[in-house]
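K.L.:
mind looking at a prediction? Sequence and model below.
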Amino acid sequence: MEFTYFDIGGIDNETNHIVETKTVTGWNAPSRARQAVRKNDVLFSTVRTYLRKIARIERDYPNPVASTGFAVIRPAEGVSSEFLFYQVLTENFLQPLHILQSGSSYPAVRDYNVFAQPILLPPTREQERIVTKLNAALSRMANAEKVAQRAYERLQRYRAAALRAAVTGALSRDWRKTHKPSKTGGQLLQHLLKIRRARWEKAELERLREAGKTPKDDKWKSLYRAPIKADTTNLPKLPKDWTWASVDQVAAHEPRSITDGPFGSNLKSSHYTNSGPRVIRLQNIGDGFFIDEKAHISRKHYDLLREYAVHEGDLVIRALGIPAPRACKIPVIGPAIVKADCIRLKVASEFIVTDYVMSTLNSPPTQHRTELKIHGVGRPRLNLGEVKAIAIPLPPLAEQRQIVRKVERRLTAANRLATTLDRQLDRARAMRQSLLCEAFAGKLAPQNANDESASVLLDRICAAREAEAKKPKVKRMPKSKLKTIRRPLLDVLRGHTKPIPPEQLFREAGFQPAEADVFYRELASLRKILRETKPSTSETKAWPHNVQVLLKLKQS
C-alpha cells in the first residue's frame, strides 16, 4: 500500500505551508512514519522549535501519515483549525517551548509540552470572524512580501551579472582599449612569486645563521614551499594580458597569511563571553560585506589562539555551505580571531588589489567552478587546501583597480536598495506577529453577545472527550490469527496471467509490513517448485516470470 508521508523537511518555515510530501510503500516507509493524520490537522515540529516548522494540512491526501517528529494537533468539534494554527504561530505560544527544549545535537520538546501550552478559546463564531480578518490581512501582507522578494531576486541577479562582467573582463573591455599595462597579469604574478621566494630565502638564511648553521651550499633552498598552483584544466579563455592564479599565490608572504580557524575543543560556544576580542564566524560573512553579528572570547583565550588572528583589511572566506566560497573584508573591529570553516586571507596588496580578489571569490563563475569540489552531505564544505587551489583570473594591477571602481559604483546603489528591501521584509515579519497578537487579544474582530459562550463550548469538548474515553478499545487481532489469513504465494500467482509488482503480491498474500524478509524467503523457495513444474496453460505461464522478476527486484 502507498502512503503520503509528511516529514519536517517538507515544511517551509517562511510561509508555514507544506511544500513537499513523499510517497512511500508499507515496507520501505521510514521508521518515523507512524502517525495517521488527516485534513485540518496542525503539524508542529518538536525538534528545534525556533525554526517554526509548523503547517496545517489544508486538503485530503491518499493514506496520509506524518513523522513522529511532529506533535499532531487536531482541533475538537467547534474549534476552527485555522484559528488553532494561527495561534500556534504566535510568540506567546512558541517562546515557552523554546525554553523547554533539551538535548545538544537535536534540541527538542516532548509532545506533551506542546499539548500543555495554554491557548485562548473564544466562541466558535468569533473564531470564524477572527480567521476571516486574519486571512484577508495576511494575504495582503503576503502579496507585498512577494513584490519585495521579487525585487530582491532581481537585485541579486544584477549583482551577480556585475561580478561576472568584472571577472571575465567585460566590465573593463573599453578601458583596456586605451590603456597599455606596464606589466601583464602573468608578469605581475611571476614578479610576486620571485619576490616572495627572495624574502623567504633571506629570512631562512638569517634564521640558520642565528642558529650557528651557516650553509655550505644551496641545498637549504629546497625547503622552500612554493604556493599551490591553480588547476587551469578546462578553464575559459581570458582577455589579453590576463592570467590564471591561485588563492595561495596571491596571499601575502607572512606566516599564516591564509589559515582556517581552530577546530574542536580549542574554541567552543562555552568559551564565549559578553565582551572581549571578537570571534569571526560564518554568520559574519556576507557576499562582499561584513555582517556585524557579535561573539566574544576572553583576552586570555584570545592570547592562546593568537595564531588565528584576523586584522582590518583581511579577507575572511566562508568555506561551509552553498555557494562557496563567499568572502568579505574585515572592517575596524579590534582584536579578533576566525572560527572553524572561516578562512583568513591576507592578500599581497603590493601587487594585488584585495577588493578585486574579494569580488572574484564572490562571482558566479568562481563559485560554479568550485561546485564539483564541495564535499559533505550534511555540511557541504571546502577544506583549506581546496580554497588555496581556487583559480582566479588575474588582470594587470591598473586594470584591477579600474574593475574595483566600476564594481563599487554598481554595487553601492544595489546594496543600499538591498538594505531597504531587507528592512521591509523584517518589518513585514514583525507586522505579522503584531497582527497575530492583536487577533488573540480580541482586538481584530468584534464580539457578539449572541454567540454561544466559550465556556459552554469547552464543556461540550470535555464531555465529548470523556465519552470517547469510555468507549471499549478495539482489540488487536492476535498474531496467530493474522497468520491464518495469509495466502500461499503460488495461489496468488495462479490468479494472474501477467507479471505483477511485488507490492501487489505482498498485499494479496496477506503479509504484514514487518514481514518483508519472510516474503522474499518464501518467494525464493518457489524456485524449486517451478523447476519441477512445467506451465501447461495460459493461466500458469506467468508464474516463473513473476517469481524471477520479483527476485531480481529483491537482489537490486
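P.N.:
That came in fine, so what should we check first? In this text, all values refer to a predicted model and were calculated from it rather than measured experimentally. Numbers count the residues shown, from 1 in each chain.
K.L.:
so which helix or strand takes in residue 5?
P.N.:
When elements are assigned from DSSP states H and E, residue 5 belongs to strand 2-6.
K.L.:
ignoring the adjacent residues along the chain, who's closest to the most centrally placed residue in the chain?
P.N.:
For the chain, residue 321 is the residue whose C-alpha lies nearest the centre (Cα atoms, centre = their mean; 7.6 Å). Residue nearest to residue 321 in three dimensions, not counting chain neighbours: residue 380, with 6.5 Å by Cβ to Cβ, 6 or more residues apart in numbering. Backbone N, C-alpha and C define where each C-beta goes, glycine included.
K.L.:
repeat for residue 120
P.N.:
In space, and not counting its chain neighbours, residue 120 is closest to residue 440: 5.3 Å by Cβ to Cβ, 6+ apart.
K.L.:
pLDDT wise, what is the one you found at?
P.N.:
In this model, residue 440 is scored at 86, pLDDT.
K.L.:
so what are the domain limits for this structure?
P.N.:
2-119, 183-395, 479-555 (automatic domain parsing).
K.L.:
would you list those in JSON lines and tack on distance to residue 451 and mean pLDDT?
P.N.:
Below are the domains of the chain laid out as JSON lines (distance: least, Cβ to Cβ, whole Å; pLDDT from 0 to 100):
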{"stretch": "domain 2-119", "distance to residue 451": "12", "mean pLDDT": "91"}
{"stretch": "domain 183-395", "distance to residue 451": "48", "mean pLDDT": "91"}
{"stretch": "domain 479-555", "distance to residue 451": "47", "mean pLDDT": "64"}
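K.L.:
export these to CSV and tack on distance to residue 142?
P.N.:
Formatted as CSV, those follow (distance: least, Cβ to Cβ, whole Å):
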stretch, distance to residue 142
domain 2-119, 8
domain 183-395, 26
domain 479-555, 40
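K.L.:
out of these, the one nearest residue 428 is which?
P.N.:
domain 2-119 (10.9 Å; Cβ to Cβ).
K.L.:
quick one: contacts of the strand holding residue 5?
P.N.:
Contacts to strand 2-6, defined as Cβ atoms under 8 Å, 6 or more residues apart in numbering, come from residues 18, 21-26, 29-30, 33, 37, 43, 57, 61-67, 70, 503.
K.L.:
out of those, which end up buried?
P.N.:
18, 21, 24, 26, 29, 33, 37, 43, 57, 61, 64-67, 70 (16 or more other Cβ atoms under 10 Å).
K.L.:
related to what we said a few turns ago, tally of neighbours for the residue nearest to residue 120?
P.N.:
20 (other Cβ atoms under 10 Å).
K.L.:
helices of the stretch 51-200 of the chain, start to end?
P.N.:
Assigned helices in the stretch 51-200 of the chain, in chain order: 81-88, 91-100, 111-115, 124-168, 173-178, 185-210 (criterion: DSSP state H, counting those that start in this stretch).
K.L.:
deepest in the core, which of those helices is it.
P.N.:
helix 81-88 (a mean of 22; mean count of other Cβ atoms under 10 Å).
K.L.:
which strands and helices sit next to that helix?
P.N.:
Helix 81-88 is packed against strand 42-45, strand 54-56, helix 124-168, helix 397-439, with contacts defined by 3 or more Cβ pairs under 8 Å, 6 or more residues apart in numbering; DSSP states H and E.
K.L.:
mind listing the strands the lengthiest strand in the chain pairs with, and their directions?
P.N.:
As assigned by DSSP state E, the longest strand anywhere in the chain is strand 272-280. In the sheet, strand 272-280 lines up against strand 296-297 (antiparallel), strand 336-338 (parallel) (DSSP bridges).
K.L.:
of all the ones you listed, which one is nearest residue 218?
P.N.:
It's strand 336-338; of these, that one is closest to residue 218 (Cβ to Cβ) at 36.8 Å.
K.L.:
residues contacting residue 348?
P.N.:
By Cβ under 8 Å, 6+ apart, the neighbours of residue 348 are 192, 196, 250-253.
K.L.:
CA atoms only: put stretch 358-372 into PDB for me.
P.N.:
C-alpha atoms of stretch 358-372 as PDB (Å, rounded to 0.1, in the frame of the first residue of the first chain):
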ATOM      1  CA  MET A 358      37.000  39.500  -2.900                       C
ATOM      2  CA  SER A 359      34.900  40.200  -6.000                       C
ATOM      3  CA  THR A 360      36.400  37.300  -7.800                       C
ATOM      4  CA  LEU A 361      35.700  34.900  -4.900                       C
ATOM      5  CA  ASN A 362      32.100  36.100  -4.800                       C
ATOM      6  CA  SER A 363      31.500  35.900  -8.500                       C
ATOM      7  CA  PRO A 364      29.200  33.200 -10.100                       C
ATOM      8  CA  PRO A 365      32.000  31.900 -12.400                       C
ATOM      9  CA  THR A 366      34.300  31.100  -9.400                       C
ATOM     10  CA  GLN A 367      31.500  29.600  -7.300                       C
ATOM     11  CA  HIS A 368      30.300  27.400 -10.200                       C
ATOM     12  CA  ARG A 369      33.900  26.100 -10.700                       C
ATOM     13  CA  THR A 370      34.100  25.100  -7.100                       C
ATOM     14  CA  GLU A 371      30.800  23.200  -7.000                       C
ATOM     15  CA  LEU A 372      32.400  19.900  -8.000                       C
END
